[in-house]
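> sequence and predicted model, in that order:
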Amino acid sequence: MTGDKAINVLVIGAGAYVSGRGTPGYGTVLPALCEWQRRGLPIGEVFIAATRASSVREAETRLASLNETMGTDIRLRTFPDEGEDIQCYERALNEIPKPACAIVVVPDHLHSRVARDCLRANTHTLVVKPLTPTVKEARELIALQEKHGLYGAVEFHKRLDRANLKLKEVLDKGKLGDPLYFIVEYSQRKSIPQEAFVSWVERTNIFQYLGVHYVDIIYFATGARPVRAMALGQKGWLKDQGIDTYDAVHGTIEWARPGKRTFFSYIFTNWVDPETTSGMSDQRIKVIGTKGRIESDQKRRGILVVTDEGGIEEPNPDFCSTYPVDSGYLSYQGYGIDSIHTFLQDVIELEEGHITINDLENLRPTFKDSLCSTAVVEAVNKSLARDGSWVEVEL
């Protein structure tokens, strides 16, 4: 159920995930907002704040193209007007009419500061993963959110992937018996650290940026709590390119469930895949239990496209893809779109009094629910700094 109240939306950030900057596509956030309007759902003013005026001008250009192909008329109020201003989002927060929500899409190390300012401005807030790199920062945000009576969530869109929902169902029904171990392989192309995130890539790592998705999925699918973690990293190719971050990080986490056996997860991540790989992400998960196994190839979704221009491509039709509709325009569909829409719907229903924030605690990746994944990220980072020693997960 979605009410009639229009919500004003502030997007903080204007990079690849917002508008497709640096890619041939349009990202996920702007298509999701256009799709929301295309479906006739209520939306108020849309603001976008970035570090540079050139970034928001590019976002406006891409939005114009989206409006044309989708039959929508979303318009932006943008910040800054000219030059560069890293604090311009604060002015946007002061000017956006309430009720409002913010979608925070900034580098990892800025999540805490930007989300904090959004909450202090009485704005419901969605943050891209991870919530924060440290438990201390996450706890501060949870306390602030509770103090102001606001909704805070993390954009863990993989919870809405049908492949992962099927995995959760199989585990919930006990078909695999007791889980023994999870194996995850997740990687992306070299252009991500070399180009898309080059300005801040040395302040994160591939596990924190990418592997955290599957930490959350394991927590979501099993209800288990992480006990301890260890990780080893490899620096080589990126270091040779003058980028001081890990090519690959391999994390091991021990998990516990009340009254049941512990199990382990092994998460192998890298972002040095060739640019010629058939998908932006190569991802798969395997779960072995005492009564069976489940394997999920989340790159090969059953579609293969081969062209002179693009070579061999294996698109994921389930994440954020265009589909023709009867109107003759294009529709964006997939779990990436659904994730943004779920947040908007929740905010509207909260504002209309149909639900409470407590109602969402066991249904969504709230700030509190996302503390688990942040705690694992922090433990993994500590283990990397300690040459792979085991680190207790502090929850």
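That came through, no problem. Residues are numbered from 1 along each chain as shown.
> please, where are all the helices along the chain?
With helices called from DSSP state H, the chain shows them at 16-19, 29-38, 53-70, 88-95, 111-120, 135-148, 162-172, 191, 206, 212-222, 237-240, 335-351, 357-360, 371-385.
> quote the end-to-end distance of stretch 268-283.
10 Å (C-alpha to C-alpha, to the nearest Å).
> quick one: residues in contact with it.
Around stretch 268-283, the neighbours that count as contacts under C-beta atoms under 8 Å, 6 or more residues apart in numbering are 183-193, 206-207, 209-211, 237-238, 247-251, 298-299, 304, 311-316. Any C-beta I mention is one placed from the backbone N, CA and C, and that applies to glycine too.
> dump the helices of the chain into JSON lines; add mean pLDDT and mean neighbour count as well.
Listed next are the helices of the chain as JSON lines, based on pLDDT from 0 to 100; neighbours: other C-beta atoms under 10 Å:
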{"stretch": "helix 16-19", "mean pLDDT": "96", "mean neighbour count": "25"}
{"stretch": "helix 29-38", "mean pLDDT": "98", "mean neighbour count": "25"}
{"stretch": "helix 53-70", "mean pLDDT": "97", "mean neighbour count": "18"}
{"stretch": "helix 88-95", "mean pLDDT": "97", "mean neighbour count": "18"}
{"stretch": "helix 111-120", "mean pLDDT": "98", "mean neighbour count": "21"}
{"stretch": "helix 135-148", "mean pLDDT": "98", "mean neighbour count": "17"}
{"stretch": "helix 162-172", "mean pLDDT": "98", "mean neighbour count": "16"}
{"stretch": "helix 191", "mean pLDDT": "95", "mean neighbour count": "17"}
{"stretch": "helix 206", "mean pLDDT": "98", "mean neighbour count": "25"}
{"stretch": "helix 212-222", "mean pLDDT": "98", "mean neighbour count": "24"}
{"stretch": "helix 237-240", "mean pLDDT": "98", "mean neighbour count": "15"}
{"stretch": "helix 335-351", "mean pLDDT": "97", "mean neighbour count": "22"}
{"stretch": "helix 357-360", "mean pLDDT": "96", "mean neighbour count": "15"}
{"stretch": "helix 371-385", "mean pLDDT": "98", "mean neighbour count": "24"}
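> quick one: closest of the ones you listed to I294.
helix 162-172 (5.4 Å; C-beta to C-beta).
> next, the angle from that closest one to helix 335-351.
70 degrees (axes from the mean of the first three to the mean of the last three C-alpha atoms, to 10 degrees).
> next one: helix 162-172 to chain centre, how far?
19 Å (C-alpha atoms, centre = their mean, to the nearest Å).
> can you list the domain ranges for the protein.
Segmentation of the chain into domains, based on automatic domain parsing, reads 7-158+325-364, 162-315+374-392.
> mind checking pLDDT for G83?
Per-residue confidence (pLDDT) for G83: 96.
> residues contacting it?
Applying C-beta under 8 Å, 6+ apart, the residues contacting G83 are R52, A53.
> that one and A50, how far apart?
12 Å (C-beta to C-beta, to the nearest Å).
> do the same with A59
Taken as C-beta to C-beta, the span from A59 to A50 is 7 Å.
> list the residues that are in contact with both of those two.
In contact with both A59 and A50: A14, T78, using C-beta under 8 Å, 6+ apart.
> residues touching the nearest residue to V104 once chain neighbours are set aside, list them.
Spatial nearest neighbour of V104, excluding adjacent residues (C-beta to C-beta, 6 or more residues apart in numbering): V127 at 4.6 Å. V127 sits next to V104, H111, A115, G152, A153, V154, E155 when contact means C-beta under 8 Å, 6+ apart.
> now D297
Contacts of D297 by C-beta under 8 Å, 6+ apart are R284.
> which phi and psi does the residue lying closest to A14 once chain neighbours are set aside have?
Using C-beta to C-beta, 6+ apart and skipping residues adjacent in sequence, the residue nearest A14 is A50, 3.7 Å away. Phi and psi for A50, reported as degrees, to the nearest 10, are phi -140, psi -180.
> hmm, back to that, most surrounded residue in the contacts of V127?
The most crowded member of the contacts of V127, judged by other C-beta atoms under 10 Å, is V154 (31 neighbours).
> and the contacts of V127 as JSON lines, adding distance to D161?
JSON lines is the format used below for the contacts of V127 (distance: C-beta to C-beta, whole Å):
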{"residue": "V104", "distance to D161": "22"}
{"residue": "H111", "distance to D161": "23"}
{"residue": "A115", "distance to D161": "24"}
{"residue": "G152", "distance to D161": "22"}
{"residue": "A153", "distance to D161": "17"}
{"residue": "V154", "distance to D161": "15"}
{"residue": "E155", "distance to D161": "13"}
